[in-house]
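Novice: here's a sequence, model it:
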Amino acid sequence: MPTIMIPLAEGFEEIEAVALIDVLRRGELEVAVLGVGGQRVKGAHGIEIVCDGVISGADDDSWDMILLPGGWGGTRNLSRDPDVMRIIQTMDAQGKTVGAMCAAPYVLRKAGVLRGEFTCYPGAKEEIGTDGYTDREKVIISGNIMTSQGPGTAICFGLAIVEKLRGEAVANGLRKGMLAEYCR
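Specialist: Numbers count the residues shown, from 1 in each chain. Sure thing, here's the model as predicted:
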């Protein structure tokens, strides 16, 4: 079963984090939510999540994907964490899937792994940098990098990840069962 690490830092976008975790687990993917700075992490809108563990000392090789939800506060905190940056760079160098949505492609840019086309929250594109930016799709896959736009695209992003890691049949079953057939 593919394994996905979702690091959360204070100020993360709650809808994105919870929707991604939910969709991925429905798709029978193993998801570990790891806190940056502690096991309890407060989101941008005051919702606190108790993570499965902490990122400090996390092994680079145990994961098939790292996935970053957005929210500017969480994004900035992720970009300052040396463990997050190391894991992103290591996984990218190994050709593993690296995903980010909303403002979080900023972290990928800071890590030096954002290349080719990407999408993000439209209000974040100037700070991330517009080289490669597109808004033509809710989800953009460019090599091993997957990006999405924001809270309203989180379910579609989760389904795209399920499709990439588990196949079209599994993703289509989830789309139908979740009434998310608009996510294509």
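Novice: show me the helices in the protein, by range?
Specialist: Counting by DSSP state H, the chain has helices at residues 14-26, 72-79, 82-93, 105-111, 125-128, 154-166, 168-177.
Novice: now render these as JSON lines, adding distance to E48.
Specialist: Every residue, glycine included, has its C-beta placed from N, CA and C. Listed next are the helices of the chain as JSON lines, based on distance: least, Cβ to Cβ, whole Å:
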{"stretch": "helix 14-26", "distance to E48": "10"}
{"stretch": "helix 72-79", "distance to E48": "13"}
{"stretch": "helix 82-93", "distance to E48": "20"}
{"stretch": "helix 105-111", "distance to E48": "22"}
{"stretch": "helix 125-128", "distance to E48": "27"}
{"stretch": "helix 154-166", "distance to E48": "19"}
{"stretch": "helix 168-177", "distance to E48": "28"}
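Novice: which one of the ones you listed lies closest to S56?
Specialist: Evaluated over the helices of the chain, closeness to S56 peaks at helix 82-93, with 5.9 Å, by Cβ to Cβ.
Novice: out of the helices of the chain, which gets nearest to G99?
Specialist: helix 154-166 (6.4 Å).
Novice: which secondary structure elements does the closest one contact?
Specialist: Helix 154-166 sits against helix 14-26, strand 65-68, strand 97-101, strand 139-142, strand 145-148, helix 168-177, with contacts defined as 3 or more Cβ pairs under 8 Å, 6 or more residues apart in numbering; DSSP states H and E.
Novice: got the contact list for the fourth one?
Specialist: Under the criterion Cβ atoms under 8 Å, 6 or more residues apart in numbering, residues 115-119, 132, 134, 146-148, 153, 156-157, 160, 164 lie in contact with strand 139-142.
Novice: quick one, which of the residues you listed are buried?
Specialist: E117, F118, T119, G132, M146, T147, S148, T153, C156, F157, A160, K164 (16 or more other Cβ atoms under 10 Å).
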